[in-house]
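Colleague: Here is my input; please provide its structure:
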Amino acid sequence: MPVIDAGVLVARLHSTDKFHETSVAIFEKLIENGKILRIPSLAFIEVAAAVRRQTKSTPLANAALHALKNLRMEVWDLDDVLTRSAERIAATTGMRGADAVYVAVAMESGDSLVTLDAEQRKRAAEFVDLF
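Modeller: Residues are numbered from 1 along each chain as shown. Okay, the predicted model is just below:
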């Protein structure tokens, strides 16, 4: 089950995002291969915030949340183990806190990370496989 970064989710759900087509292709490939996607619960907050910032529209942010909740995914809550793992990753790499959470989910689950963020990819490579 690959772990999907919020940026990929936002791009998939928001058709004017510059990475929309790339994200759609990633989802098609994953779904074609029968993959169930994994996200931290933090993803819902990040998607709502990103879509609201990009569009200035609360209804569109809510629509994106609704669409996200209808995707076939496994959601991981930010518990003590995941928090400690993300803390260690952030302290070691200087990675943004939210990015470290996605890497921690991938690391703790033994899955690959799907992200379009070049900085996150570079810093995450020592911890997890990248899609």
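
Colleague: What's the separation between Glu119 and Ala61?
Modeller: Separation of Glu119 from Ala61 (C-beta to C-beta, to the nearest Å): 25 Å. Quick note: C-beta positions are derived from backbone N, CA and C, even for glycine.

Colleague: Compare these two (neighbour count), which wins?
Modeller: Under the criterion of other C-beta atoms under 10 Å, the comparison of Glu119 against Ala61 puts Ala61 first, with 20 against 13.

Colleague: name the element the more buried one belongs to?
Modeller: helix 58-69 (DSSP states H and E).

Colleague: Name the next helix or strand downstream of the lowest-mean-pLDDT helix or strand in the chain, please.
Modeller: Of all helical and strand segments in the chain, the minimum by mean pLDDT, DSSP states H and E falls on helix 20-32, at a mean of 91. Once the chain leaves helix 20-32, the next helix or strand it forms, by DSSP H and E, is strand 37-40.

Colleague: got the buried residues for stretch 15-28?
Modeller: 17, 19, 23, 26-27 (16 or more other C-beta atoms under 10 Å).

Colleague: ok, which stretches of the chain are helices?
Modeller: For the chain, the helices defined by DSSP state H cover 6-13, 20-32, 42-55, 58-69, 80-93, 97-109, 118-124.

Colleague: will you turn these into a markdown table that also has distance to Leu130?
Modeller: Formatted as a markdown table, the helices of the chain follow (distance: least, C-beta to C-beta, whole Å):
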| stretch | distance to Leu130 |
| --- | --- |
| helix 6-13 | 12 |
| helix 20-32 | 12 |
| helix 42-55 | 18 |
| helix 58-69 | 22 |
| helix 80-93 | 14 |
| helix 97-109 | 9 |
| helix 118-124 | 6 |
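
Colleague: And these: which comes nearest Phe131?
Modeller: helix 20-32 (7.4 Å; C-beta to C-beta).

Colleague: Can I get the closest one in CSV? Just the C-alpha atoms.
Modeller: Below are the C-alpha coordinates for helix 20-32, written out as CSV (Å, rounded to 0.1, in the frame of the first residue of the first chain):
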residue,chain,number,x,y,z
HIS,A,20,-3.0,17.4,-11.9
GLU,A,21,-2.2,15.2,-15.0
THR,A,22,0.8,13.7,-13.3
SER,A,23,-1.2,12.9,-10.3
VAL,A,24,-4.1,11.4,-12.3
ALA,A,25,-1.5,9.1,-14.1
ILE,A,26,-0.1,8.0,-10.7
PHE,A,27,-3.5,7.1,-9.4
GLU,A,28,-4.4,5.3,-12.5
LYS,A,29,-1.2,3.2,-12.3
LEU,A,30,-1.7,2.4,-8.7
ILE,A,31,-5.4,1.5,-9.0
GLU,A,32,-4.7,-0.5,-12.2
